[in-house]
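[1] Give me the fold of what follows.
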Amino acid sequence: MPEESGAAGMSASDPRMPEHMETQRTHVICGPDLNYHTSSSTSANMYMALGISNAWDFRDWVESFRIKVQQKDDLDMKFDMVGTDPAIANALRRILIAEVPTMAIEHVFYINNTSIITDEVLAHRLGLIPLDADPALFEYKTREETASEKNTFVLRLKIMCTRQGAQMVNDRVLAKDLNFLPMGSQMPDETGCRFAVGQQQMLPQGVQAVNHDILVAKLRPGQIIDLEAHCIKGQGKEHAKWSPVATAWYKLLPEIVITRPITGDNADAIAKECPGLFEVEGKGRNKKASVKPAREHTRLLEKARRLSGEEPWQKHFRLQKRKDHFLWTIESTGIAAEASTVSCECCLELCTSSGICSFAGCRLKVGVLFVGQRPEELFLTAIDILEAKCDKLLESL
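    Got it, this is the predicted structure:
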């Protein structure tokens, strides 16, 4: 059965609210042709004529807001975010895509390239390789600044394809062939990159590609690629190569609501039209259709939506979506992102289990650090960035 909850950013459902208005407030109604009641009710005075306050209450939000992880591995995570406003969910999505800092190849200096791939295309392919380097160790580099050990690290790619008998050696150039240069550029006069000190202590493990098997180019005997790649700190809003996620998106929780009992032959018919979404319970005169969780049958939802506008189903069921329940999917590239500082038990739970996590009112920072590679860590970093934006706004008021 659909779970009852108030809409995001609002107090719990008031018993004096008419049922049809409560449905409009908390759900998007998906008609056969149009969606209805798509806006969120954020005005405190919206229902004042009924004597009902719609003011946002922090305590109610703390009690209702929660996150439940549905599926998680090293690169992907699916979870439910319940009890918040679409503006918050969308802000976190945009931050994940465009504002979490990472390191990526920005400048490529060629010494020799006799491969079939042109310099520009090869540089673009190199820039999109996710790198395992903590951006918190580096400063942002402006166009006017000189590359240094504080804002840049350097990778070298030098590979030549040769033939040994019937076999070709180094015919496939892979991301693992990029080698870290802790002392910086080997041709500083040409690149303008000079390090005062090496980066051995800053990056004791060096820097490498997250996925070693990314194909960069193919060579034939005698062809060579020799270049330096200079990496700097950036954000996805400047170029997609700095985005730490392949994608981050969400959708609203769908629900099928039976408004009138579906009995007899109609129960058999709707179960045949949407197998799994509708099931028949009972026998004979007691036969009726029941509905299963709509989120588990996404491929049937558009069909159910169309049927809800046709006879004989028009008055028997409808498709609706909760405005405050978001089904999230985050697909990380594995790239290292800015560290997140969290320590509350519920936030740590998001990183260590598939349980329920509530961020509200309990983000006590005492220095537990994560390097944001896994999707849950990227999400915590996005929360930190959003929190900093809110603090800056409040300070300016």
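
[2] end-to-end on stretch 27-39?
    Stretch 27-39 has an end-to-end distance of 9 Å (C-alpha to C-alpha, to the nearest Å).

[3] Distance from that stretch to the middle of the chain?
    In terms of C-alpha atoms, centre = their mean, to the nearest Å, the centre of stretch 27-39 is set 25 Å apart from its chain centre.

[4] list the buried ones in it?
    For stretch 27-39, the neighbour count (16 or more other C-beta atoms under 10 Å) marks 27-30, 37 as buried. Placement of C-beta: from N, CA and C, glycine included.

[5] and what of stretch 124-141?
    For stretch 124-141, a neighbour-count test (16+ other C-beta under 10 Å) marks 125-127, 129-135, 138, 141 as buried.

[6] Sketch out the low-pLDDT regions of the stretch 101-250 of the chain for me.
    Along the stretch 101-250 of the chain, segments meeting pLDDT under 70 are nowhere present.

[7] Could I get the full set of strands for it?
    Along the stretch 101-250 of the chain, the segments classed as strands by DSSP state E, counting those that start in this stretch run 102-113, 153-160, 162-164, 167-169, 172-174, 179-181, 215-218, 224-234, 245-258.

[8] Widest-spaced pair of the buried residues of stretch 124-141?
    125 and 134 (23.6 Å; C-beta to C-beta).

[9] hang on, the earlier thing: can I get the strands of the stretch 101-250 of the chain in JSON lines including distance to residue 62?
    Listed next are these as JSON lines, based on distance: least, C-beta to C-beta, whole Å:
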{"stretch": "strand 102-113", "distance to residue 62": "32"}
{"stretch": "strand 153-160", "distance to residue 62": "43"}
{"stretch": "strand 162-164", "distance to residue 62": "65"}
{"stretch": "strand 167-169", "distance to residue 62": "62"}
{"stretch": "strand 172-174", "distance to residue 62": "49"}
{"stretch": "strand 179-181", "distance to residue 62": "46"}
{"stretch": "strand 215-218", "distance to residue 62": "49"}
{"stretch": "strand 224-234", "distance to residue 62": "35"}
{"stretch": "strand 245-258", "distance to residue 62": "21"}
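
[10] can I get those strands in a markdown table with mean neighbour count and distance to residue 203?
    Listed next are these as a markdown table, based on neighbours: other C-beta atoms under 10 Å; distance: least, C-beta to C-beta, whole Å:
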| stretch | mean neighbour count | distance to residue 203 |
| --- | --- | --- |
| strand 102-113 | 19 | 11 |
| strand 153-160 | 21 | 7 |
| strand 162-164 | 11 | 31 |
| strand 167-169 | 12 | 30 |
| strand 172-174 | 18 | 21 |
| strand 179-181 | 17 | 7 |
| strand 215-218 | 17 | 22 |
| strand 224-234 | 21 | 11 |
| strand 245-258 | 19 | 24 |
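
[11] Of those strands, give the one that comes closest to residue 74.
    Nearest of the strands of the stretch 101-250 of the chain to residue 74, taken as C-beta to C-beta: strand 245-258 at 13.2 Å.

[12] max-length helix in the chain?
    Longest helix in the chain by number of residues (criterion: DSSP state H): helix 375-396.

[13] Buried residues in that one, which are they?
    For helix 375-396, by 16+ other C-beta under 10 Å, it's 375-386.

[14] Show me how far that helix is from its chain's centre.
    Taking C-alpha atoms, centre = their mean, the mean C-alpha location of helix 375-396 is offset from the chain mean by 15 Å.

[15] Stretch 81-97 now?
    Worked out by C-alpha atoms, centre = their mean, stretch 81-97 lies 10 Å from the chain centre.

[16] the helices in the stretch 51-200 of the chain, which residues?
    Counting by DSSP state H, counting those that start in this stretch, the stretch 51-200 of the chain has helices at residues 58-64, 86-98, 119-127, 188-191.

[17] now those in JSON lines, with distance to residue 111?
    Formatted as JSON lines, the helices of the stretch 51-200 of the chain follow (distance: least, C-beta to C-beta, whole Å):
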{"stretch": "helix 58-64", "distance to residue 111": "58"}
{"stretch": "helix 86-98", "distance to residue 111": "34"}
{"stretch": "helix 119-127", "distance to residue 111": "11"}
{"stretch": "helix 188-191", "distance to residue 111": "9"}
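
[18] tell me the most buried of the ones you listed?
    helix 86-98 (a mean of 18; mean count of other C-beta atoms under 10 Å).

[19] Tell me which of the helices of the stretch 51-200 of the chain sits nearest to residue 44.
    Each of these has some distance to residue 44 by C-beta to C-beta; the shortest is helix 58-64, at 13.1 Å.

[20] Now do that closest one: which elements does it pack against?
    Applying 3 or more C-beta pairs under 8 Å, 6 or more residues apart in numbering; DSSP states H and E, one finds that helix 58-64 contacts no other helix or strand.

[21] mind checking how far that helix is from the chain centre?
    Taking mean C-alpha positions (C-alpha atoms, centre = their mean), helix 58-64 and its chain are 24 Å apart.

[22] quick check: mean pLDDT across that helix?
    Across helix 58-64, pLDDT averages out at 88.

[23] looking at it, residue 197 is touching residue 150, isn't it?
    No: contact criterion C-beta atoms under 8 Å: residue 197 and residue 150 do not qualify, at 9.8 Å.

[24] The helices of the stretch 51-200 of the chain: which one's closest to residue 241?
    Checking the helices of the stretch 51-200 of the chain against residue 241 by C-beta to C-beta gives helix 119-127 as the closest, at 4.5 Å.

[25] roughly how far is the closest one from the heart of the chain?
    Using C-alpha atoms, centre = their mean, the offset of helix 119-127 from its chain centre is 26 Å.

[26] do the same with stretch 49-63
    30 Å.

[27] same deal with stretch 308-315?
    The answer for stretch 308-315 is 37 Å, by C-alpha atoms, centre = their mean.

[28] now do stretch 316-329
    19 Å.

[29] pLDDT of that stretch, averaged?
    Mean per-residue pLDDT for stretch 316-329: 96.

[30] List the contacts of residue 19.
    Residues near residue 19 by C-beta atoms under 8 Å, 6 or more residues apart in numbering: none.

[31] Repeat that for residue 292.
    276-279.

[32] if you set the cut-off to 7 Å instead, what comes out?
    By C-beta atoms under 7 Å, 6 or more residues apart in numbering, the contact set of residue 292 is 276-277, 279.
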